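# how would this look folded up:
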Amino acid sequence: MEQDRAPDVLSHHRELAGRPLTSYQVVLETIAATTTRIGLTIGAELDTGSYDLGVSVTPAEFHALPITPSTFHGDWNYTLSPVPPRAPDAPATTHRTDPALTGMSRTAFKHLVAVSEPFWDALAEAAFQRRFHRPRSYRHPQTSSVDHTHRLLAAILRRRRAVTMTFLAQLLGVNRTSLSIQYQDAKRILDLHWILVTPIPGSPARTWEQLHARTTPAEARR
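Numbers count the residues shown, from 1 in each chain. You can find the predicted model right below:
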């Protein structure tokens, strides 16, 4: 928030004073009805995402948050940047990119990741540009909990019916709902690159044993 505009925006607190806030919707509508002296409007919406219950944040994680304070009252006026997605361990990634699971060689998969990443950046920029007009269920691509390699891998494995989305979320250590949302954009990238994915016969793997049974035998990978 710019310093010369902040006093105008902060004046909405005085407008809220004395109004009965009987529900979340009343709060949202009250905020949306506020206009500053210079014509600025304020937007608010509830986060409709699904999150795991009982998750706690350690002091170390709290202090590691990428917070950038503003020069104007930085104690409460600050920007909280998204944490870069963490990449799962390399051995696990090697196992999940087995040609028997993805339907393509590891070389072809790495090439697809490299050539498609700029498209993902374009999707992220488009989402940023329309952030004030996005559907309430939309998630900004840059806030994904997985990196580009693994969101693309998730889309391929889902289309291949190699593994259930619930089990894949467990393997990647992410929320299933968030992974499903990321799949929608990754699916568009597959379509843009004309990647034809043939489903694997049978039911998707739900356990480690079922997943191992679908992978290529070790002697055939040599």
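# C-alpha only now, for contacts and for neighbours.
Noted.
# what's the model's confidence in stretch 100-116, averaged?
Averaging pLDDT along stretch 100-116 gives 86.
# do stretch 25-40 as well
pLDDT averaged over stretch 25-40 gives 79.
# how long is it end to end?
21 Å (C-alpha to C-alpha, to the nearest Å).
# How many residues are close by residue 160?
Neighbour count of residue 160, defined by other C-alpha atoms under 10 Å: 20.
# who's in contact with the closest residue to it other than its chain neighbours?
Closest residue to residue 160 apart from its sequence neighbours, by C-alpha to C-alpha, 6 or more residues apart in numbering: residue 199 at 4.0 Å. Contact analysis of residue 199 by C-alpha atoms under 8 Å, 6 or more residues apart in numbering lists 159, 160, 161, 162.
# Buried among those? Need that as a selection in PyMOL.
Restricted to buried positions by 16 or more other C-alpha atoms under 10 Å, the PyMOL selection for the contacts of residue 199 reads:
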select buried, resi 159+160+161+162
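# Point out the ones among the contacts of residue 199 that are inside helices.
Mapping the contacts of residue 199 onto helices (DSSP state H) picks out residue 159.
# ok, so of the contacts of residue 199, who is nearest residue 97?
Residue 97 lies nearest to residue 162 out of these, by C-alpha to C-alpha, at 11.1 Å.
# my guess is that closest one contacts residue 208, does it?
No: counting by C-alpha atoms under 8 Å, residue 162 stays clear of residue 208, with 11.9 Å between them.
# re the thing from before, you'd agree the residue nearest to residue 160 is in a helix?
No: Residue 199: not assigned to a helix; according to DSSP: H, G, I helix; E, B strand; the rest coil it is coil.
# for residue 69, what are its contacts?
Per C-alpha under 8 Å, 6+ apart, neighbours of residue 69: 75, 76, 77, 78, 79.
# I appreciate the help and will end here.
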